[in-house]
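**Student:** Give me the fold of what follows.
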Amino acid sequence: MPLPNAPTRQPSKASKKTNNELLIKGILCALIGLGVLISPYFISSPGMQGIVAKSALVGWFALVLGCAFIGLYAWRRMAGRAKS
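**Tutor:** Numbers count the residues shown, from 1 in each chain. Here you go, the predicted structure:
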């Protein structure tokens, strides 16, 4: 007697909501990172420009984190389509 097929799981609304939140967080983090990295070129005050330029490490971190969130969202979405 053959074994029955394993039950397939449909993604719940909670997991879809989590994936969408992951995309939103990724986009916002990436935009914040870009804003921190680009803003010193548009600030006219030299003192403020230097302060913002010193926070470039934070900008790079936010940009990389945002890209990682977006990549994780894409990976989960691709994996979900492969299962269907």
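**Student:** May I ask you to name the longest helix in the chain?
**Tutor:** Of all the segments of type helix in the chain, defined by DSSP state H, the longest one is helix 56-83.
**Student:** Leaving out sequence neighbours, find the closest residue to residue 26.
**Tutor:** Sequence neighbours aside, residue 69 is the residue nearest to residue 26 in space, at 3.0 Å (criterion: Cβ to Cβ, 6 or more residues apart in numbering). Where C-beta positions appear, they are placed from N, C-alpha and C, glycine not excepted.
**Student:** For that neighbour, give its distance to residue 80.
**Tutor:** 17 Å (Cβ to Cβ, to the nearest Å).
**Student:** center of the protein, which residue is that?
**Tutor:** Note on the chain: the residue nearest the mean C-alpha position is residue 26, at 2.1 Å, using Cα atoms, centre = their mean.
**Student:** For residue 59, see how far away it is.
**Tutor:** 15 Å.
**Student:** Counting neighbours, go ahead and name the busier of residue 69 and residue 80.
**Tutor:** Each of residue 69 and residue 80 has its neighbours counted (other Cβ atoms under 10 Å); residue 69 has more, 20 against 14.
**Student:** now the protein, which segments are flagged as low pLDDT?
**Tutor:** 1, 9-14, 84 (pLDDT under 70).
**Student:** what about 50?
**Tutor:** By pLDDT under 50, the chain contains no weakly predicted segment.
**Student:** thinking again about what came up before, show me which residues of the longest helix of the chain are buried.
**Tutor:** Buried residues in helix 56-83, defined by neighbour count with 16 or more other Cβ atoms under 10 Å: 59, 62-63, 65-66, 69-70, 73, 76.
**Student:** other SSEs contacting that helix?
**Tutor:** helix 13-38 (3 or more Cβ pairs under 8 Å, 6 or more residues apart in numbering; DSSP states H and E).
**Student:** what's the angle from the helix it packs on to helix 56-83?
**Tutor:** 150 degrees (axes from the mean of the first three to the mean of the last three Cα atoms, to 10 degrees).
**Student:** other SSEs contacting helix 13-38?
**Tutor:** helix 56-83.
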